[in-house]
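Asks: structure here, sequence nowhere to be found:
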């Protein structure tokens, strides 16, 4: 498994704020390509479809055009490693372990970084588990449905109540 490079489920907030970024992008820019790739990934997860060779190639091309991540390897000494309370450190001396540090090169408010981090977040979520994404039928926001529910149509109780209220008014 690859090292974790982004915040968990960060892609949801970016997907739900896409319209706010549309006026900040130039046509044909890398930001626009990253945005379309994020939407392509989300729609393929929603439809439960595997990634095509073309979409994988587009993602790899975007990764080649934008070098967003700086990797740094360090050796962790036992004093630097957090020890679980249940473990016992008697007379054993453990060997130092390797730590892989990752950081983004750009400032956090740049659109390229936001979309790159969202794509990485979505890819990491797809790698970890069988991911499901849905769109709310009331507000059209993206959400991860509650696993035990039979039918997932709404992102929240507020949207469900609003939808039912509007249906009864008609």
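Replies: Received it, and whenever you're ready, just let me know what you need. This is a predicted model, so every value here is computed, not measured.

Asks: let me see the mean pLDDT of the helix or strand residue 62 falls within.
Replies: If you go by DSSP states H and E, residue 62 is part of helix 53-65. Average pLDDT, helix 53-65: 91.

Asks: what's the first helix or strand after it?
Replies: Downstream of helix 53-65, the first helix or strand assigned by DSSP H and E is strand 69-76.

Asks: give me the element the residue nearest the centre of the chain is part of.
Replies: Centroid-nearest residue in the chain, with CA atoms, centre = their mean: residue 121, separated by 2.3 Å. Using DSSP H and E, residue 121 falls within helix 111-128.

Asks: in stretch 66-78, which residues are buried?
Replies: 66, 68-69 (16 or more other CB atoms under 10 Å). For the C-beta atoms, the positions are set from N, CA and C on the backbone; glycine is no exception.

Asks: check stretch 130-143 too.
Replies: So for stretch 130-143, counting by 16+ other CB under 10 Å, buried means 131, 133-136, 138, 141-143.

Asks: and what of stretch 142-156?
Replies: 142-144, 154-155.

Asks: for it, measure first residue to last.
Replies: End-to-end distance for stretch 142-156: 11 Å, by CA to CA, to the nearest Å.

Asks: what do you get for stretch 103-110?
Replies: End to end - CA to CA - stretch 103-110 spans 14 Å.

Asks: contacts for it?
Replies: 67-70, 72, 112-114, 116-117 (CB atoms under 8 Å, 6 or more residues apart in numbering).

Asks: run the last query once more with 6 Å
Replies: Stretch 103-110 has contacts (CB atoms under 6 Å, 6 or more residues apart in numbering) with 68, 70, 113.

Asks: again, but for stretch 7-14
Replies: 114, 117-118, 121-122, 142.

Asks: what about 7 Å?
Replies: 38, 114-115, 117-118, 121-122, 125, 142-144 (CB atoms under 7 Å, 6 or more residues apart in numbering).

Asks: cool, stretch 158-170 as well?
Replies: With CB under 7 Å, 6+ apart, stretch 158-170 has contacts from 136-139, 154.
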